[in-house]
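1. below: sequence and its predicted model.
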Amino acid sequence: MTQRRGVKVGELRPSQIMYAYGVGAVMDLPYLSVMVMGTDEWPADPGLAPRISEDRLLFAVRSVLGRQVQYLMHPPAAPESSGMPDPFSEEERIGVPVVSFPRWMVCPECRILAPLGDGLFERKDNYYHPEQTRYVHKNCPKASSPVVFPTRFMVACENGHLDDFPWHDFVHGGTSHCKGSLRLYEFGPSGEARDVYVRCDACGMSRALSLAFGRSGELTMPQCRGRRPHLRDFEECDLQAKAILLGASNLWFADVLTTLAIPTHSARLAQLVHDHWAQQLVHVTTREILHAFRQTGTLVPFGEYDDEEIWTAIQQRREEGEFATDPTDLKGPEWAVFTSPGTAATSQDFRLREVAVPINFQDVIRRVVLAERLREVRALIGFMRIDAPGEYGEMQQPAHGRRMSMSSQDPRWVPATEVRGEGIFIQFRESSIGRWCEYPATMRRGEQFLESHARWRRARRIDPPEGDFPGMRYVLLHSFAHALMRRLCLECGYNSASIRERIYSREPGSTEARLSGPMAGVLIYTAAPDSEGTLGGLVHLGEPEELSRHIRLALEDAMLCASDPLCAEHDPSQQGVTLHAAACHACLLAPETSCERGNRYLDRSVLVPTVDRHDLTFFPAES
């Protein structure tokens, strides 16, 4: 991570760029806060930012951002070097570009409040300890060059814009010609906005920051200027700016598409071409280039094939174009492979093995498949502020088109990462799921969830309010996945944030189901960004006896919660605040990186009897 003018200020992992500190996000460092700039300013050298091959995900990205998107690219990273790194080398300046934001800083000694552009503050770089890069007040009257810090207050809007707090206009109650110096004072140890005041030295006007929030903020905050600091420009905006704190959880939400890399060809050579297409073979446009690649050792995995065979396979791959199937259906092809493991092709990153269904659960579970090798690819297609986008991996348009672009022009590439792991796939019997969904108690619970779903969307101005409701089938599968994940992480050797879920839920009456049938299954898999995700600890727990024990224990754990009876008596919110029923952090809620729905649509009473409900249970009592 490098600041403008090539000064390194910190480090980020690729997974953090996907979910925490991507384009447009503000990262809080020890002495600075910086914003990650748009992809226009990222280095696009294939040697520093390798391309990732995954056609299904690329075509899904194209369906959202346009056909001009050519490839998925790994975030830039400096090549590994042996020995002590040279902080003055060009390699140390390779990374994701950032700039200081917010631009207003405050001196802790004299309390002066000013933007960096005023020249009061000077940056002090530390090449050997980049995390200690800081700004100092060089002419402070109360101390010798004290370190200054970024202000905690900014303004944002639902359209994704972010701007510095309008300090001058705020303290003067509107537009003013007064250009006096501003000072920021804190009275009291709480640090809350009501104890923070800004004062003008020239006219003496003073105002508490609490007036910028809540109902008072609706009267004091100006219209949004449409600023896009990550792109260094402005655009029109008709919304009112809202005060927001540095580090607020709703300051930045990633809009990510996720898919599993499944084999698309049964022939080994065709699959090899597919796996090496984006990084290497896409550049092979003549036989001479192919021969040169082989002579330099670039195509070692193709050693058993001659040039003519490889050239023919490359030509066939180039003629295939995009898939004939719907590019927005990322889970459909995966479901087809998992439910037919005997015919699924095997590749370096994909290997399945079907095992017997645990005896105690054969009435409700149809198939168990162990994914001994998996590769998950994630692509960042934009971000949002204030309100979160659709769920990870789901092809949903955000409300009112509020997805913020990551580049000033139509992007030719998007940031992406890949992780390898293992998993357990469980397919439920459609007859059991269908029968349970028709229970009167299940239908009544579904009406409660639908009403809560509509109120939740209406509160966020998402139209139509009743749209995209996943149904009780999803609530059941989702709750089961969370209960089993909590149990598995106790023995598999992975922490809870390294295990993810992927829910396959499709109602029989939907348009997609008429073409390829309904879906009812869950995939629980590791998502560790290193070799730790493929050590076999999770797959081992998918063997029949082990899985039977863990499902039984997971259901027993779901019966009682440390927060009962409050948790068990919790119904879906009728105020649009939450979208779960009997679920809390003590029983079902999972880390944000593990859940594909942000811990929504959960209810342990659909799995087993609780202290409040006995009429929604899906699993038989003898389980």
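-> Looks like it came in fine. These numbers come from a predicted model, not from an experiment. Residues are numbered from 1 along each chain as shown.

2. before we move on, which element is the nearest residue to G342 once chain neighbours are set aside in?
-> Once flanking residues are discounted, G342 sits nearest to E354: 7.0 Å by CB to CB, 6 or more residues apart in numbering. All C-beta atoms are positioned from the backbone trio N, CA, C, and that covers glycine. Assigned by DSSP states H and E, E354 belongs to strand 351-355.

3. over to R500?
-> Short version, using DSSP H and E: R500 is in strand 499-506.

4. again with H291
-> Per DSSP H and E: helix 287-295 holds H291.

5. and the helix or strand just after that helix, what's its mean pLDDT?
-> The helix or strand immediately downstream of helix 287-295 is helix 307-320, counting by DSSP H and E. Mean per-residue pLDDT for helix 307-320: 72.

6. buried ones in helix 307-320?
-> The neighbour-count check on helix 307-320 (16 or more other CB atoms under 10 Å) flags 310-311, 313-314, 317 as buried.

7. now do stretch 247-264
-> Counting neighbours by 16+ other CB under 10 Å, the buried set in stretch 247-264 is 251-264.

8. for it, what does the pLDDT average out to?
-> Mean predicted lDDT for stretch 247-264 stands at 86.

9. check stretch 224-240 too.
-> 93.

10. starting at the chain centroid, how far to that stretch?
-> Offset of stretch 224-240 from its chain centre (CA atoms, centre = their mean, to the nearest Å): 24 Å.

11. ditto for stretch 41-56
-> 19 Å.

12. which stretches in the stretch 151-300 of the chain count as strands?
-> 153-156, 162-164, 182-186, 196-200, 206-208, 227-228, 233-234, 242-245, 253-260 (DSSP state E, counting those that start in this stretch).

13. include distance to V337 when you put those strands into a markdown table, please.
-> Below are the strands of the stretch 151-300 of the chain laid out as a markdown table (distance: least, CB to CB, whole Å):
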| stretch | distance to V337 |
| --- | --- |
| strand 153-156 | 42 |
| strand 162-164 | 41 |
| strand 182-186 | 58 |
| strand 196-200 | 56 |
| strand 206-208 | 59 |
| strand 227-228 | 41 |
| strand 233-234 | 44 |
| strand 242-245 | 43 |
| strand 253-260 | 9 |
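
14. and the closest residue in space to E543 that isn't next to it in sequence, bridged to which residues?
-> In this structure, E543 finds its nearest non-sequential neighbour in V355, 6.2 Å apart by CB to CB, 6+ apart. Using DSSP bridges, the bridge partners assigned to V355 are V368.

15. the stretch 1-150 of the chain: strands as residue ranges?
-> Under DSSP E, counting those that start in this stretch, the stretch 1-150 of the chain gives strands at 2-3, 7-8, 26-28, 33-36, 51-52, 71-73, 97-100, 104-106, 112-115, 121-124, 134-137, 147-150.

16. redo those strands as TSV? Include distance to T578 and mean pLDDT.
-> TSV is the format used below for the strands of the stretch 1-150 of the chain (distance: least, CB to CB, whole Å; pLDDT from 0 to 100):
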stretch	distance to T578	mean pLDDT
strand 2-3	40	62
strand 7-8	42	76
strand 26-28	27	91
strand 33-36	31	93
strand 51-52	36	86
strand 71-73	35	89
strand 97-100	35	91
strand 104-106	35	94
strand 112-115	38	94
strand 121-124	43	92
strand 134-137	41	94
strand 147-150	33	94
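
17. doesn't S548 lie inside a helix?
-> Yes. Looking at S548 with DSSP: H, G, I helix; E, B strand; the rest coil, it is inside a helix.

18. just to revisit the earlier point, next, find the distance separating the residue nearest to E543 from P14.
-> 33 Å (CB to CB, to the nearest Å).

19. likewise for E41?
-> 18 Å.

20. report the separation between the residue nearest to G342 and Y474.
-> For E354 relative to Y474 (CB to CB), the value is 25 Å.

21. between those two, who's got more neighbours?
-> Set E354 next to Y474 and count neighbours by other CB atoms under 10 Å: Y474 wins out with 20 against 15.

22. and R613, how many neighbours?
-> R613: 20 neighbours (other CB under 10 Å).

23. A strand includes it, no?
-> No. Counting by three-state DSSP, R613 is not part of a strand but coil.

24. residue contacts, it?
-> 568, 582, 605 (CB atoms under 8 Å, 6 or more residues apart in numbering).

25. let's see 6 Å
-> Going by CB atoms under 6 Å, 6 or more residues apart in numbering, R613 touches S605.

26. likewise for V539?
-> 370, 372, 422.

27. cool, P591 as well?
-> Applying CB under 6 Å, 6+ apart, the residues near P591 are 496-497.

28. how does it look with 10 Å?
-> 485, 489, 495-500, 599 (CB atoms under 10 Å, 6 or more residues apart in numbering).

29. give me the buried positions along the strand holding E354.
-> Buried-residue list, strand 351-355, by 16+ other CB under 10 Å: 351-352, 355.

30. what do you get for stretch 482-494?
-> For stretch 482-494, a neighbour-count test (16+ other CB under 10 Å) marks 482-489, 492-494 as buried.

31. one step back: wouldn't the residue nearest to E543 be in contact with L541 here?
-> No. Counting by CB atoms under 10 Å, V355 stays clear of L541, with 11.3 Å between them.

32. overlap in contacts, the two.
-> The contact lists of V355 and L541 share 370, 424, 547, where a contact means CB under 10 Å, 6+ apart.

33. from F469, how far out is E447?
-> From E447 to F469 the distance is 11 Å (CB to CB).

34. cool, and I314?
-> I314 sits 45 Å away from F469, going by CB to CB.

35. show me the domain layout of this protein.
-> Using automatic domain parsing, the domain ranges for the chain come out as 256-320, 331-381+420-606.

36. now distance to M221 too, for the buried residues of stretch 247-264, in JSON lines please.
-> Shown next, in JSON lines, are these (distance: CB to CB, whole Å):
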{"residue": "L251", "distance to M221": "16"}
{"residue": "W252", "distance to M221": "20"}
{"residue": "F253", "distance to M221": "21"}
{"residue": "A254", "distance to M221": "26"}
{"residue": "D255", "distance to M221": "26"}
{"residue": "V256", "distance to M221": "30"}
{"residue": "L257", "distance to M221": "34"}
{"residue": "T258", "distance to M221": "36"}
{"residue": "T259", "distance to M221": "40"}
{"residue": "L260", "distance to M221": "44"}
{"residue": "A261", "distance to M221": "46"}
{"residue": "I262", "distance to M221": "48"}
{"residue": "P263", "distance to M221": "53"}
{"residue": "T264", "distance to M221": "51"}
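
37. tell me what the helix or strand I433 falls within is packed against?
-> Using DSSP H and E, I433 sits within helix 430-437. When contacts are defined as 3 or more CB pairs under 10 Å, 6 or more residues apart in numbering; DSSP states H and E, helix 430-437 sits against strand 365-384, helix 440-459, helix 471-488, strand 519-526.
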